[in-house]
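K.L.:
Pasting the sequence and the predicted coordinates here, then a few questions.
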Amino acid sequence: MYIAALDQGTTSTRCLIFDRDGTVVSQAQLEHQQIMPRKGWVEHDPNEIWTNTRRVISSAMVELDITARDVKALGVTNQRETAVVWEKATGEPIYNAIVWQDTRTGGEFSDATVWQAKTGLLANSYPAGPKIAWILDHVDGARERAERGELLAGTIDSWLVWNLTGGAEENSDADDDRGSGDHRDNGSGEALHITDVTNASRTLLLDLHTLDWDDELCEAVRVPKQILPTIVPSIGEVGAVRHRGSLTGVQITGILGDQQAAMFGQRCFHPGDAKNTYGTGLFLLLNTGTEPKFSEHGLLTTVAYQQQGEKPVYALEGSVAVGGSLIQWLRDQLGIIPDAASSESIAADDNGGVYIVPAFSGLFAPRWRPDAAGVIVGLTRFADRSHITRAALEATCFQTREVVEAMQKDAGRELSGLCVDGGMVANDLLMQMQADILGSSVQRPEMIETTVWGAALAAGIGIGWWEFSDDDYVADRVWEPEMPEAQREQLYHMWNQAVERTLGWENAADDS
């Protein structure tokens with residue numbers, strides 16, 4: 001028997017199948033289009049994501065030659081703040097999904113800290129709630145239709161689960177007069193409109209203390225409460241797959257936002273445990289226990305996970321918009337490296353005085369400056385592609401250090417080391433650079449696919465297959481700092497000088 005896990009990420013959708021020992025026995029992956037209609041706008045086609053989801057599930061199961069009877073449970077993890085609004089009757093999205101990196105809603109609130117003590121988030125372009133409101137305001141008739149209960153909205157987990165549990169196909173057979181309220185109705189045939197607490201905590205609409213949608217927040221952000229999904233725990237039985245596909249009848253027993261899934265996969269089950277994911281962006285999370293801790297240094301407070309019948313576990317988070325996507329930019333826009341893996345061999349031994357600040361969507365944690373724009377500074381005739389590549393890798397390390405320092409101030413303790421995961425951690429040079437810039441150890445697990453493994457682990461715990469334990473955690477490699485402290489501090493000083501050059505750039509045209 002097996003556990004299946006879906007990982008719907010910013011650039012691709014994957015399905016991995018795990019055996020009872022937690023070994024990957026089959027997998028499939030498909031990329032989807034990145035739609036950028038204007039500067040600062042990033043969108044995805046929800047139908048493309050759903051089509052790819054069906055395909056990767058089918059491909060992974062065909063490769064292993066199994067059927068739904070062989071799968072004990074399904075776990076789901078997803079890009080978090082990306083928002084979708086769709087028609088309840090037809091299942092058609094009324095607009096593209098607005099991606100977490102998108103900055104169009106950045107000017108919504110004059111005070112970014114409003115409601116932080118209630119939601120743990122800053123009121124800026126990052127959360128999903130303002131993205132939902134934007135769609136309702138800019139698609140003809142959408143707000144009126146939402147008020148009539150004709151539309152549904154949510155993050156990508158909601159979109160996937162609704163389709164997996166039947167979508168419009170099931171809704172067409174359901175009683176259309178049920179109205180708003182609890183959308184969790186899998187037993188009677190209607191598709192499930194749900195989200196788990198980790199994804200709900202990324203909307204700016206959830207009260208972290210009550211773990212429910214907040215009337216005041218919904219009214220202020222202008223999102224009708226009736227179109228939002230029912231909130232459920234991350235771990236436990238949600239409902240069965242009803243879509244007529246490869247997993248029909250399989251129970252969904254784990255749902256986690258991607259960064260919480262990576263934290264779960266790293267077995268950060270104890271207060272003080274921390275991990276950093278090097279993916280499209282960079283995401284550092286610190287387990288703070290069963291009470292939310294609110295940051296004074298530019299970090300976010302989020303739900304880490306919740307098991308059915310248990311108290312939620314919270315985390316402090318530092319979110320950086322651009323990590324691996326900077327290396328993709330070198331490859332796709334600049335064409336100076338042939339592929340991401342080659343950055344390790346192309347990078348020079350030093351940066352040649354070049355620093356890159358990839359503020360492509362402004363600066364996220366801990367600075368939160370939407371007016372910043374990306375810069376490359378220190379260019380001379382001496383600089384070549386090897387120095388720019390080195391500077392791109394260093395930018396990842398500097399941004400991580402900024403978040404680590406903020407987290408240490410909030411937590412009141414030094415981090416003893418950093419557990420790392422994500423696609424970029426295969427780069428040994430980057431990992432050594434990270435240890436050097438941090439001045440502390442960096443530990444890579446044997447299972448670097450911690451995001452999708454976290455979803456599988458949650459699903460397995462949800463059916464009693466596995467237990468909460470870090471006994472089977474295996475480190476693949478540990479890097480210790482080798483750089484002299486004076487050199488480390490000088491590099492970091494110059495990085496901060498480069499960051500200063502980015503600030504206010506987006507407002508500069510208005511001052512001319």
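P.N.:
Thanks, I have it. Numbering: from 1, shown residues only.

K.L.:
So which bits of the lengthiest helix in the chain are buried?
P.N.:
For the chain, the helix that runs over the most residues, judged by DSSP state H, is helix 385-411. Across helix 385-411, burial judged by 16 or more other Cβ atoms under 10 Å covers 386-404, 406-407, 410-411. C-beta: built from backbone N, CA, C; applies to glycine.

K.L.:
Show me the helices in the stretch 151-300 of the chain, by range?
P.N.:
Counting by DSSP state H, counting those that start in this stretch, residue ranges of the helices within the stretch 151-300 of the chain are 156-164, 167-171, 197-200, 215-221, 258-265.

K.L.:
most tightly surrounded among those?
P.N.:
Among those, helix 258-265 has the highest mean neighbour count (mean count of other Cβ atoms under 10 Å), at a mean of 31.

K.L.:
what is the orientation angle of that one with helix 156-164?
P.N.:
90 degrees (axes from the mean of the first three to the mean of the last three Cα atoms, to 10 degrees).

K.L.:
what's the average pLDDT for helix 258-265?
P.N.:
Per-residue pLDDT values across helix 258-265 average out to 94.

K.L.:
Tell me which residue of this structure is furthest from the middle?
P.N.:
R381 (38.9 Å; Cα atoms, centre = their mean).

K.L.:
re the thing from before, and the longest helix of the chain, how far from the chain's centre?
P.N.:
Computed by Cα atoms, centre = their mean, to the nearest Å, the separation of helix 385-411 from the middle of its chain amounts to 19 Å.

K.L.:
again, but for stretch 428-446
P.N.:
Shown here is stretch 428-446, whose average C-alpha point lies 22 Å from the average C-alpha point of the whole chain (Cα atoms, centre = their mean).

K.L.:
Could I get the buried residue list for it?
P.N.:
Within stretch 428-446, the residues that qualify as buried are 430-438, 440-445, counting by 16+ other Cβ under 10 Å.

K.L.:
which of those lies closest to M263?
P.N.:
Lowest distance from M263 to the buried residues of stretch 428-446 (Cβ to Cβ) belongs to P445, with 12.2 Å.

K.L.:
what number of residues lie near A347?
P.N.:
Here the count is done by other Cβ atoms under 10 Å, and A347 has 24 residues near it.

K.L.:
Surely it is in contact with N427?
P.N.:
No. In this structure, A347 sits apart from N427 without contact. The criterion is Cβ atoms under 8 Å, and the distance is 9.1 Å.

K.L.:
Now do the shared contacts for the two.
P.N.:
Overlap between the contact sets of A347 and N427, as judged by Cβ atoms under 8 Å, 6 or more residues apart in numbering, is given by L393.

K.L.:
Select, out of the helices of the stretch 151-300 of the chain, the one closest to R477.
P.N.:
R477 sits nearest to helix 258-265 of all the helices of the stretch 151-300 of the chain, at 17.3 Å, using Cβ to Cβ.

K.L.:
From the chain's centroid, how far away is the closest one?
P.N.:
Relative to the centre of its chain, helix 258-265 is centred 9 Å away, using Cα atoms, centre = their mean.

K.L.:
what does stretch 199-215 give?
P.N.:
Worked out by Cα atoms, centre = their mean, stretch 199-215 lies 17 Å from the chain centre.

K.L.:
list the buried ones in it?
P.N.:
Using 16+ other Cβ under 10 Å as the burial criterion, the residues of stretch 199-215 that qualify are 199-208, 211, 213-214.

K.L.:
likewise stretch 413-421?
P.N.:
Judged by neighbour count using 16+ other Cβ under 10 Å, the buried positions of stretch 413-421 are L415, G417, L418, C419, V420, D421.

K.L.:
start to end distance for it?
P.N.:
Stretch 413-421 stretches 22 Å from its first residue to its last (Cα to Cα, to the nearest Å).

K.L.:
same question, stretch 333-346
P.N.:
From its first residue to its last, stretch 333-346 covers 17 Å (Cα to Cα).

K.L.:
got a list of contacts for it?
P.N.:
Where contact means Cβ under 8 Å, 6+ apart, the residues beyond stretch 333-346 that reach it are 324, 327-328, 330-331, 385-386, 388-389, 392-393, 423-424, 426-430.

K.L.:
tell me the secondary structure for A28?
P.N.:
strand (DSSP: H, G, I helix; E, B strand; the rest coil).

K.L.:
What residue, apart from its backbone neighbours, is nearest it spatially?
P.N.:
Nearest-residue entry for A28: S59, 3.6 Å, with adjacent residues in sequence omitted and distances by Cβ to Cβ, 6 or more residues apart in numbering.

K.L.:
just to revisit the earlier point, just the ones in strands from the buried residues of stretch 199-215, please.
P.N.:
Within the buried residues of stretch 199-215, membership in strands is found for L206, D207, W213, as judged by DSSP state E.

K.L.:
so what's M483 up against?
P.N.:
M483 sits next to D436, I437 when contact means Cβ under 8 Å, 6+ apart.

K.L.:
State the pLDDT value of it.
P.N.:
The model reports M483 with a pLDDT of 96.

K.L.:
before we move on, what about R244?
P.N.:
According to the predicted model, the pLDDT of R244 comes to 75.

K.L.:
Wait, it touches E169, no?
P.N.:
Yes. At 7.5 Å, R244 counts as touching E169 under the criterion of Cβ under 8 Å.

K.L.:
avg pLDDT for the longest helix of the chain?
P.N.:
The predicted model gives helix 385-411 an average pLDDT of 94.

K.L.:
what's in contact with whatever helix or strand comes next after it?
P.N.:
The helix or strand immediately downstream of helix 385-411 is strand 418-421, counting by DSSP states H and E. The contact list for strand 418-421, computed with Cβ under 8 Å, 6+ apart, reads 262, 265-266, 268, 273-278, 284, 400, 404, 431, 434, 438, 440-445, 448-451.

K.L.:
wait, G439 sits on A486?
P.N.:
No. Under the criterion of Cβ under 8 Å, G439 lies out of contact with A486, with a separation of 11.6 Å.

K.L.:
Could you tell me which of the buried residues of stretch 428-446 are located in strands?
P.N.:
V442, Q443, R444, P445.

K.L.:
Using a markdown table, lay out those together with pLDDT.
P.N.:
Rendered in a markdown table, the data for these read as follows (pLDDT from 0 to 100):
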| residue | pLDDT |
| --- | --- |
| V442 | 93 |
| Q443 | 91 |
| R444 | 92 |
| P445 | 88 |
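
K.L.:
nearest to L491, of those?
P.N.:
Of all these, the one sitting nearest L491 is V442; the distance, using Cβ to Cβ, is 16.6 Å.

K.L.:
Contacts only, for that closest one.
P.N.:
Counting by Cβ under 8 Å, 6+ apart, the residues that V442 touches are G417, L418, V420, M431, Q434, A435, V478, W479.

K.L.:
if I pick I437, what's in contact with it?
P.N.:
For I437, the contact set (Cβ under 8 Å, 6+ apart) comprises E394, C397, F398, T400, R401, M483, R488, L491, Y492.

K.L.:
what about the strands in the stretch 201-350 of the chain?
P.N.:
Listed in chain order, the strands found in the stretch 201-350 of the chain under DSSP state E, counting those that start in this stretch are 206-207, 212-213, 230-232, 235-240, 251-257, 274-278, 282-289, 300-305, 313-320.

K.L.:
Let me know the pLDDT of E467.
P.N.:
Note for E467: predicted pLDDT of 86.

K.L.:
Apart from its chain neighbours, what residue comes closest to it?
P.N.:
Closest residue to E467 apart from its sequence neighbours, by Cβ to Cβ, 6+ apart: I461 at 6.7 Å.

K.L.:
Determine the set of other helices and strands touching the one helix or strand that neighbour maps to.
P.N.:
The secondary structure element spanning I461 is helix 450-462 (assigned by DSSP H and E). Under the contact criterion of 3 or more Cβ pairs under 8 Å, 6 or more residues apart in numbering; DSSP states H and E, the helices and strands touching helix 450-462 comprise strand 2-8, strand 12-18, strand 71-78, strand 235-240, strand 251-257, helix 258-265, strand 274-278.
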